[in-house]
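K.L.:
for reference, the sequence and a predicted model appear below.
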Amino acid sequence: MYIALRRTADGVEATDVGDDGIPGSPVRVDDLAAWVAVRERERPRWVWSDTATWYPPLLAAGVRVERCQDLRLCHAILRGAGMLEPDPAWDGPRPVRTTTPDGLFELEPEPDDADPVAELARQRSAVADDPKRALLLAAESVGALVAAEMTFAGLPWRADEHDRVLTEHLGRRVPGGRPEKLEALAARLREILDAPALNPDSHPELLRALQNAGLRVESTSKWELLEIEHPVVAPLLEYKQLARLLSANGWAWLDQWVRDGRFRPVYVPAGVVTGRWASDGGGALQLPKQIRRAVIPDPGWKLVVADASQLEPRVLAAMSGDRAMARAGQQTDMYQAIVDAGAVETRRQAKYGMLGAIYGGTTGESGRMKPRMERAFPTAMAYVEAAARAGERGEVVRTWLGRTSPPGTGLGYDETATDAQKRSTQQRAAAWGRFTRNFVVQGTAAEWALSWMGSLRRRLWDLGSGSLVERPHLVFFVHDELVVHTPAELADAVADALRESAAEAGRLLFRGAPVEFAVSVGIVDRYSDAK
DNA sequence: TCGGAAAGCGCC
DNA sequence: AAAGGGCGCTTTCCGA
């Protein structure tokens, strides 16, 4: 059964909807959290406009729910697939969040025409004969619950450790200036380049200084510098790395984002066109390896870190139905299995061949491996090639569960086009083909990850007792990696749950496909100790 | 003075 | 050694 919630001018209105789709009479709800806690015992699927606005106040009040349907996220999926009519009430972007002084989200009235009961009916009808998309809607929605829960719980973060890492790398803080070691490096660069006024943070200035010193470079980028032999290269690369650490995750970041021993990034489910999550503020999904030393569990607790190894290659094997690639995907090290199968000679070749298949690489090692990959894995290669060709023609492609790519635009030309126009259009078409090629794999990998998370979430809840943060709970997610914060005595059980959930996600999406979704799991006292 | 673009690099 | 796909974020620069 479903319970649809709606914010009206005079409070929250709730409507029961049976599995037959027949709604009851709306009732007024005064104390939402208390009411939800009571009704949750019936294990309904909560239906609401947007998990990001409804769920945080419930979590803050100590209420966790098992299931929901996030109408806005689901609407976007179905609209993209052309399965719903345009609807201004639901087509728009996510509502702007406003925060109250106590940090809770204000619930603003929703427009009159945004009727959750009617929208639920349309969405249910759209997927009634489409079990894969129905699964996608469920996965998307449970992902939204996890996102809110991870923000609520926060990633355990030791500010003192973070400060230690920064001071170790950058030197002592200097008010209004660069930290000591960084400034010393800047001084060395000025000396080596004989540019006393150089600000190495300015790309144009730096480029001019490099060129004046006789370096033949077109940019200041790392990969170009690596090809040059010159005494300035090593200290410059070190400077760049440290300057980035300071600006992206330095003391200012620490002050802004870490409170009471927790980093609470805001995740944006489906924030990326492929269905991957994005994050809003704090750069959560780009947390540098160096700084993960500050992620330390509470006393008596552990972090369990799990990484889905070679996820996208396995996903490609499963979704394309390529039997030879699936056989390789049964091994823990899929790249080595590709070597053992005789497709290529070295593990490195297998890796680059696979990356080329997924990203559309045409040059270098990827390009060289392509014929061998096509010989060894014709079905999988044809699958991604078809996605690329469709994209080049401006067609829409879809993931395994049915998320659709945006249509390509401006990829055709007529006879009046000049040669230059034709060339540039062809380049755009090729680029869009690389995008759609990657879309089907990256998007399906994101679906697998949502299923993994959803399955794990249920298992973690069943492992412990008490409130969400008293039980083992998810605290971090980056595309194919999960981090669980758990009481130490449950860490082994959590590790098992992570592996079982991965297997379950594989079965749920690709029932029958003989691909093993291997995960590497570590139980650690620091995030940086994983792997 | 402010906002957006570009460059560059962190993550997957 | 990247490359080839997807992002977010910071700094600097430049034009409205």
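P.N.:
Perfect, I can see it now.
K.L.:
residues of stretch A:290-307 that come out buried?
P.N.:
For stretch A:290-307, the neighbour count (16 or more other Cβ atoms under 10 Å) marks A:290-297, A:301-307 as buried. Where you see a C-beta, it was placed from the backbone N, CA and C, and this is true even at glycine.
K.L.:
next one: stretch A:501-516
P.N.:
So for stretch A:501-516, counting by 16+ other Cβ under 10 Å, buried means A:Ser501, A:Ala502, A:Glu504, A:Ala505, A:Gly506, A:Leu508, A:Leu509, A:Phe510, A:Ala513, A:Val515, A:Glu516.
K.L.:
farthest pair in the residues you listed?
P.N.:
Greatest spatial distance in these: A:Ser501 and A:Ala513, 17.2 Å, computed using Cβ to Cβ.
K.L.:
returning to that earlier point: the buried residues of stretch A:290-307: which ones sit near DNA strand C?
P.N.:
Among the buried residues of stretch A:290-307, none lies close to DNA strand C by the criterion of Cβ under 7 Å from any atom of the strand.
K.L.:
out of these, which are inside strands?
P.N.:
A:Trp301, A:Lys302, A:Leu303, A:Val304, A:Val305, A:Ala306, A:Asp307 (DSSP state E).
K.L.:
contacting residues around the fifth one?
P.N.:
In this structure, A:Val305 makes contact with A:Glu481, A:Leu482, A:Val483, A:Val484, A:Val521, A:Gly522, A:Val524, A:Tyr527, A:Ala530, A:Lys531, judged by Cβ atoms under 8 Å, 6 or more residues apart in numbering.
K.L.:
do the same with the fourth one
P.N.:
Taking Cβ under 8 Å, 6+ apart, we find A:Val304 in contact with A:Pro472, A:Val483, A:Val484, A:Thr486, A:Ala491, A:Val494, A:Ala495, A:Leu498, A:Val521, A:Gly522, A:Ile523, A:Val524.
K.L.:
re the thing from before, list buried residues within the contacts of A:Val305.
P.N.:
Using 16+ other Cβ under 10 Å as the burial test, those include A:Glu481, A:Leu482, A:Val483, A:Val484, A:Val521, A:Val524, A:Tyr527, A:Ala530 as buried.
K.L.:
of those, just say which sits nearest to DNA strand C.
P.N.:
For these, the closest approach to DNA strand C (Cβ to the nearest atom of the strand) belongs to A:Glu481, at 12.0 Å.
K.L.:
what's across from the closest residue to that closest one other than its chain neighbours in the sheet?
P.N.:
Leaving aside its sequence neighbours, A:Glu481 sits nearest to A:Asp307 (Cβ to Cβ, 6 or more residues apart in numbering; 4.7 Å). Note on A:Asp307: beta-bridge partners A:Glu481, A:Ser520, judged by DSSP bridges.
K.L.:
strands along the stretch 201-350 of chain A, start to end?
P.N.:
Counting by DSSP state E, counting those that start in this stretch, the stretch 201-350 of chain A has strands at residues A:258-259, A:262-263, A:266-268, A:278-280, A:301-308.
K.L.:
does DNA strand B sit close to the third one?
P.N.:
No: among the residues of strand A:266-268, none lie within reach of DNA strand B under Cβ under 7 Å from any atom of the strand; the closest is 13.8 Å away.
K.L.:
sheet-wise, list the partners of that strand with their directions.
P.N.:
Assessed with DSSP bridges, strand A:266-268 is paired to strand A:278-280 (antiparallel).
K.L.:
hmm, the partner strand touching DNA strand C?
P.N.:
Yes: counting by Cβ under 7 Å from any atom of the strand, DNA strand C is contacted by strand A:278-280 at A:Ala278, A:Ser279, A:Asp280.
K.L.:
list the buried residues in that strand.
P.N.:
A:Ser279.
K.L.:
check the offset of that strand from the chain's centre.
P.N.:
Relative to its parent chain, strand A:278-280 has a centroid offset of 8 Å by Cα atoms, centre = their mean, to the nearest Å.
K.L.:
average pLDDT for that strand?
P.N.:
Mean pLDDT, strand A:278-280: 89.
K.L.:
hmm, what's the outermost residue in chain A?
P.N.:
For chain A, the residue at maximal distance from the C-alpha centroid (Cα atoms, centre = their mean) is A:Asp194, at 44.2 Å.
K.L.:
now, which of the buried residues of stretch A:501-516 sits nearest DNA strand B?
P.N.:
Within these, distances to DNA strand B taken as Cβ to the nearest atom of the strand reach their minimum at A:Ala502, with 14.0 Å.
K.L.:
residues contacting the closest one?
P.N.:
By Cβ under 8 Å, 6+ apart, the neighbours of A:Ala502 are A:Ala306, A:Ala308, A:Trp452, A:Phe517, A:Ala518, A:Val519.
K.L.:
again, only this time at 6 Å
P.N.:
Neighbour list for A:Ala502: A:Trp452, A:Phe517, A:Val519 [criterion: Cβ atoms under 6 Å, 6 or more residues apart in numbering].
K.L.:
among the buried residues of stretch A:501-516, which ones are in helices?
P.N.:
Judged by DSSP state H, the subset of those located in helices is A:Ser501, A:Ala502, A:Glu504, A:Ala505, A:Gly506, A:Leu508, A:Leu509, A:Phe510.
K.L.:
can those residues go into CSV with extra columns for pLDDT?
P.N.:
Putting those into CSV (pLDDT from 0 to 100) gives the following:
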residue, pLDDT
A:Ser501, 97
A:Ala502, 96
A:Glu504, 96
A:Ala505, 97
A:Gly506, 96
A:Leu508, 96
A:Leu509, 96
A:Phe510, 96
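K.L.:
closest one of those residues to A:Ser320?
P.N.:
Nearest to A:Ser320 among those, counting by Cβ to Cβ, is A:Phe510 at 10.4 Å.
K.L.:
how far away is the closest one from A:Lys370?
P.N.:
According to Cβ to Cβ, to the nearest Å, A:Phe510 stands 25 Å off from A:Lys370.
K.L.:
likewise for A:Ala328?
P.N.:
A:Ala328 sits 17 Å away from A:Lys370, going by Cβ to Cβ.
K.L.:
those two - which one has more neighbours?
P.N.:
Per other Cβ atoms under 10 Å, whichever of A:Ala328 and A:Lys370 has more neighbours is A:Ala328, with 28 against 16.
K.L.:
any regions of the stretch 101-250 of chain A where pLDDT drops low?
P.N.:
Applying pLDDT under 70 to the stretch 101-250 of chain A flags the ranges A:101-109.
K.L.:
lovely, talk soon.
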